[in-house]
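S.K.: Take this sequence and fold it.
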Amino acid sequence: MLILLTNDDGVMSPGLKALADAFQDFGRVVIVAPDRNRSAVAHALTLESPLRAEEVRTDLFAVDGTPTDCVNLGIHGLLREMPDLVISGINRGANLGDDITYSGTVCAAMEATLMGVPAFAVSLDDTAHQGKNLPLAARFSRHLAAHLLDNGLPEETFLNVNVPAQKVRGMRLTRQGKRRYGDVVTRKEDPRGRSYYWIGGGDLGFEDIPGSDCNAVHEGYISVTPLHTNLTNDSSLQDLSDWQIPLT
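M.R.: Next comes the predicted model:
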């Protein structure tokens, strides 16, 4: 068994270490992860500059690129055989609802799926990684991996897993929810009076949608959400079928 691990928090993240420790007797574990925090880079792929991969120790590579780069480079450049499974995480902070469009963690799993390798992303709703549920998230990932390898996944499907910070009441199979973002841009001035901006401020909320990943984690359940690499909104094709757009 060959397991490829990655993340977007960086190769030295506690979440990645917890995941690696949980899989040590599962088979060969190879870590290919960014050399620094690359959160919120989504599905970015480095095309205009070369990538460097430093082998920190045997089967642990630090890459000066994105999570997607790491999966691509790991499968096509660093490994001599296809991995049986790719796991991305354990992310510092949840990836719920609309977060998945930004998340390097989730998009690393998507990249593996595009290459035909089963994959899932796992995140913990605890930005400090100081809560008691990091070991639980690692154990759950191991159980999920075993089940996934035994039963497989539907075509072009990968999983997004989120573990609550509070006491875990169980697991729910969920659908993507809807985030509510607050004031996400903060303007400040430097000592010379010039403006600069921080993106990412404001409190995160969510819409109350029964069966969603947001609701599940809020209620103390691990959410497991199947995602699809094909982004076509099939239900809208019929609604838009009478569109006639002039060419000139």
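
S.K.: Now do the strands in the protein.
M.R.: With DSSP state E, the ranges of strands along the chain come out as 2-6, 28-34, 53-57, 60-63, 85-92, 119-124, 157-163, 170-173, 179-181, 185-189, 195-199, 204-206, 221-228.

S.K.: What is the fourth one packed up against?
M.R.: Secondary structure elements in contact with strand 60-63, counted by 3 or more Cβ pairs under 8 Å, 6 or more residues apart in numbering; DSSP states H and E, are strand 28-34, strand 53-57, helix 67-73. (Glycine included, C-beta is placed from N, CA and C.)

S.K.: Now it: average pLDDT?
M.R.: Taken as a whole, strand 60-63 carries a mean pLDDT of 98.

S.K.: Identify the residues contacting it?
M.R.: Contacts with strand 60-63, where a contact means Cβ atoms under 8 Å, 6 or more residues apart in numbering, come from 11, 30-35, 51-56, 69-70, 73-74, 78.

S.K.: let's see 6 Å
M.R.: Contact with strand 60-63 is made by V11, I31, V32, P34, D35, A53, E54, E55, V56, C70, L78, as judged by Cβ atoms under 6 Å, 6 or more residues apart in numbering.

S.K.: Kindly report the same for the last one.
M.R.: By Cβ under 6 Å, 6+ apart, the list of residues contacting strand 221-228 from outside reads 156-163, 169-174, 176, 213, 216-217.

S.K.: any idea of the mean pLDDT for that strand?
M.R.: If you average the pLDDT over strand 221-228, you get 98.

S.K.: which residues of the protein score low on pLDDT?
M.R.: Across the chain, the stretches falling below the confidence threshold (pLDDT under 70) are 128-130, 182-183, 200-203.

S.K.: re the thing from before, F140 is nearest to which of the helices and strands packed on strand 60-63?
M.R.: Proximity of the helices and strands packed on strand 60-63 to F140 was assessed by Cβ to Cβ; the nearest stretch is strand 28-34, lying at 17.0 Å.

S.K.: Distance from the chain centre to that closest one, please.
M.R.: Taking Cα atoms, centre = their mean, to the nearest Å, one finds strand 28-34 lying 15 Å from the centre of the chain it belongs to.

S.K.: do the same with stretch 62-79
M.R.: A distance of 15 Å separates the centroid of the chain from that of stretch 62-79, by Cα atoms, centre = their mean.

S.K.: which residue packs closest to K167, ignoring adjacent ones?
M.R.: G220 (6.0 Å; Cβ to Cβ, 6 or more residues apart in numbering).

S.K.: Could you list which residues are in contact with that neighbour?
M.R.: Neighbour list for G220: P164, Q166, R169 [criterion: Cβ under 6 Å, 6+ apart].

S.K.: Return the distance of it relative to R169.
M.R.: Applying Cβ to Cβ, to the nearest Å, one obtains 4 Å for the distance of G220 from R169.

S.K.: before we move on, what about T186?
M.R.: 36 Å.

S.K.: Is Y197 bridged to anything, and to what?
M.R.: On DSSP bridges, the residues paired with Y197 through beta bridges are R187.

S.K.: What about it, how many residues nearby?
M.R.: Counted with other Cβ atoms under 10 Å, the burial measure for Y197 works out to 9 neighbours.

S.K.: what does L51 give?
M.R.: Applying other Cβ under 10 Å, we find 14 other residues in the vicinity of L51.

S.K.: Same question for Q244.
M.R.: When neighbours are counted by other Cβ under 10 Å, Q244 registers 4.

S.K.: Return the set of buried residues in stretch 124-133.
M.R.: With burial defined by 16 or more other Cβ atoms under 10 Å, the residues of stretch 124-133 counted as buried are L124, D125, D126, H129, G131, N133.
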